[in-house]
Each structure stands twice: as structure tokens, then as C-alpha cells.
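> any chance you could fold what I've pasted below:
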Amino acid sequence: MSSRQGIVIVEDNYDDLFFLRRAFSRAGIAEPITCLRSGRELIEHLTGGDPDKSKSLAPQPKLILLDLALPELSGLAVLEWMCKESAAQNIPVVVFTGMEDPKFANRALELGAARCYRKDPDPSNWVNTVREMAQLFEICRVAPMPTAQDETFRRAA
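Numbering: from 1, shown residues only. Prediction:
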């Protein structure tokens, strides 16, 4: 089996996806990112289009960032599928959701999610969450480019 590579983000909200990609960029994450919009798309991605067969020879992602409120197949349903699919059981999944009821996060953890984060209402704070994920899951980072919004960015007087 090939080594794991890349990050898969499963998010159906275009705005959230935009801010997540920006957070990964600002955090200096050098991994390629694949964006999918539904639980069904994730399963197709992991199985090569055949949900009854694992894509065991293809590289699996280093990390899946999964929303719970998804069209076609919810994040919880995806986690249930991953529990039953041997090739998918060892892929770390981080839940990143706007759902406020803790029962959903608790259920996701029961189903094997490595971590659950609630989306901060201010997407500019998501970069801290991404940095924490990168550290927890040993995801490659490069030095991020400073921006005018970064606290460390200072103009010479």
C-alpha cells in the first residue's frame, strides 16, 4: 500500500470551504487538499467509485476533515461506513461542524472520529484550529506567508 498523502475536506458550504482553504494556506500547510461536497462523494473517492470495494492500492489521505451536516449522506453515516470498511478504518477523521448539540460530536467520537471541533463563528479564527490539527496529525507545514491581518506582520516605521 502506498503511503498516505494529502488532506480531504468534506464540506458542502462554499463559504466555509473558502475559509477553510484560506486557513490551511495561512497555517502554512503544504499538503495537497481535495475538496468534496457530500458524504457520497467521499465514499466514492475512498473506493474509486465502487462502494463495495476499497481502493486499497491507491494512496489514502493523511487526514479527512468532515462536516456532519452534508447532503446525500451525513457525516455520521460516513463514519458508520468507515467503521465497517477495513481500508478506511485507520484514516484519521476530524469532525469540523457548526452543529451545536454535543450529542452529534459524542456520536462521531463513538464512531471513530479522532477529534471534533465546533466551527468558530468567526472564520478568521479557524487558522488556529488548522494549526492544532497539523500538529496533532503530524501534517507537513511550511512557513506561512505573513499577511496584513497576522499579528506578526509589522510595517517598518
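
> model confidence for Ala30, exactly?
pLDDT, Ala30: 82.

> what is the neighbour count of it?
By other CB atoms under 10 Å, 11 other residues sit near Ala30. Where you see a C-beta, it was placed from the backbone N, CA and C, and this is true even at glycine.

> that one and Met82, how far apart?
To Met82, Ala30 is 26 Å away according to CB to CB, to the nearest Å.

> report the beta-bridge partner residues of Cys116.
For Cys116, the beta-bridge partners are Val95 (DSSP bridges).

> for the longest helix belonging to the chain, packing partners?
Secondary structure of the chain per DSSP state H: the longest helix is helix 14-26. Helices and strands touching helix 14-26, by 3 or more CB pairs under 8 Å, 6 or more residues apart in numbering; DSSP states H and E, are strand 7-10, strand 33-36, helix 126-136.

> can you list contacts of the second one?
Put plainly, it is strand 33-36. 6-11, 17, 21, 24, 42, 45, 61 (CB atoms under 8 Å, 6 or more residues apart in numbering).

> quick check: neighbours of that strand in the sheet, parallel or antiparallel?
strand 7-10 (parallel).

> in the partner strand, which residues are buried?
7-10 (16 or more other CB atoms under 10 Å).

> ok, what's across the strand from the residue most central in space within the chain?
Closest to where the C-alpha atoms of the chain average out (CA atoms, centre = their mean) is Leu65, at 1.4 Å. Beta bridges link Leu65 to Ile9, Val94, judged by DSSP bridges.
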